[in-house]
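Trainee: I'll drop the sequence and a predicted model, then ask my questions.
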Amino acid sequence: MTFAIGANPWIWHSPVTEQALAEVLPRLAGWGFDCAELPLEDPGDWEPKAAARLLDTNGLAPAAVIAVLGPGRDLVRAEPAAVRTTQDYLRRCVDAAAELGAPAVAGPVYAAVGRTWRMAGGERAAAYAEWREHLAPVAAHAAAAGVRIAVEPLNRYETSLFNTVEQTLTAMEGLPSDTVGIALDTYHQNIEERSLPDAVRAAAGRIAHVQVCANDRGTPGADHLDWPGFVGALGEAGYEGPLCIESFTAHNATIAVAASVWRPLAASQDAIATEGLAFLRGLN
């Protein structure tokens, strides 16, 4: 299986605006990337029609719209007004993906990043039931638009709700698999899963999007991860989407704090993209 390779403009910029896309996308195309993720931190950061033109002009496919759940965006243990606002935001992400022609909206579409609380077994089951109830209208909207929701489990320091593939699969029971799937991210799986390949195999049939970076969030391949096993398992699982490099810059104060990036993760931000692309091409 040969996977398309993409990158996320967060490697250089946050927020990702039309100006940022106009600067980054031509460089991604020139380096040989196939596609790009488009984070939508707030509706209006970029307009779908303009972004679609930029992608098309540069010969790049839209890999996914990345949903961002900051403070106040929650579908679980939240006030009804916050739930409605979050649902509206996620519907906007779905609409943007549909207009771009992106197959998925990916991200931690359940609770604000950094929000954690302790749960006993019954409390967790109740939280998952509440999440399914609140995601259902968004999923219905996505199904009508032909877009898949890709739910991203995060590491224990960023959420207490979905940390593992097993938890995410349990929570998604009863939601349509053709509309709601899993977004795998090697950074988070490296922390939470005992085996990257086994986690991929467990998610077979529901993998909707894949993000990749080194175990320290730097350049894929400059690390200790079992990349051949991971990519091989993706092939065995029948995944046919792209591998998208997601990393962040320590030079942007907002994103450095949000992603806990306190030092440069490579010789340059460009190196994360170009060296990561070369490494991933070598695995294909």
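Mentor: That came through, no problem. Since the model is a prediction, treat every value here as computed from it, not as a measurement.
Trainee: and the longest helix seen in the chain, what other elements does it pack with?
Mentor: Secondary structure of the chain per DSSP state H: the longest helix is helix 121-145. Other elements packing on helix 121-145 under the criterion 3 or more CB pairs under 8 Å, 6 or more residues apart in numbering; DSSP states H and E are helix 80-100, strand 148-151, helix 165-171, strand 180-185. Where you see a C-beta, it was placed from the backbone N, CA and C, and this is true even at glycine.
Trainee: reformat these as JSON lines; add mean neighbour count and distance to Ala253.
Mentor: Below are the helices and strands packed on helix 121-145 laid out as JSON lines (neighbours: other CB atoms under 10 Å; distance: least, CB to CB, whole Å):
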{"stretch": "helix 80-100", "mean neighbour count": "19", "distance to Ala253": "24"}
{"stretch": "strand 148-151", "mean neighbour count": "28", "distance to Ala253": "28"}
{"stretch": "helix 165-171", "mean neighbour count": "19", "distance to Ala253": "31"}
{"stretch": "strand 180-185", "mean neighbour count": "26", "distance to Ala253": "23"}
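Trainee: turn the ones you listed into TSV, including mean pLDDT and distance to Gly107.
Mentor: What follows is these, written out as TSV (pLDDT from 0 to 100; distance: least, CB to CB, whole Å):
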stretch	mean pLDDT	distance to Gly107
helix 80-100	98	8
strand 148-151	98	8
helix 165-171	98	13
strand 180-185	98	7
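Trainee: so Pro242 makes contact with Leu60?
Mentor: No. Pro242 is not in contact with Leu60 according to CB atoms under 8 Å; the separation is 10.7 Å.
Trainee: quick check: neighbours shared by the two?
Mentor: Counting by CB atoms under 8 Å, 6 or more residues apart in numbering, the contacts common to Pro242 and Leu60 are Asp34, Cys35.
Trainee: higher neighbour count, the two?
Mentor: Ranked by neighbour count (other CB atoms under 10 Å), Pro242 and Leu60 place Pro242 first, with 25 against 20.
Trainee: which residues does the nearest residue to the more buried one once chain neighbours are set aside contact?
Mentor: Leaving aside its chain neighbours, Pro242 sits nearest to Ala4 (4.0 Å; criterion: CB to CB, 6 or more residues apart in numbering). By CB under 8 Å, 6+ apart, the contact set of Ala4 is Asp34, Cys35, Ala61, Ala63, Gly241, Pro242, Leu243.
Trainee: likewise Ala106?
Mentor: For Ala106, the contacting residues are Glu37, Ala64, Val65, Ile66, Ala67, Ala150, Glu152, Ala183, Ala208, His209, Gln211, by CB under 8 Å, 6+ apart.
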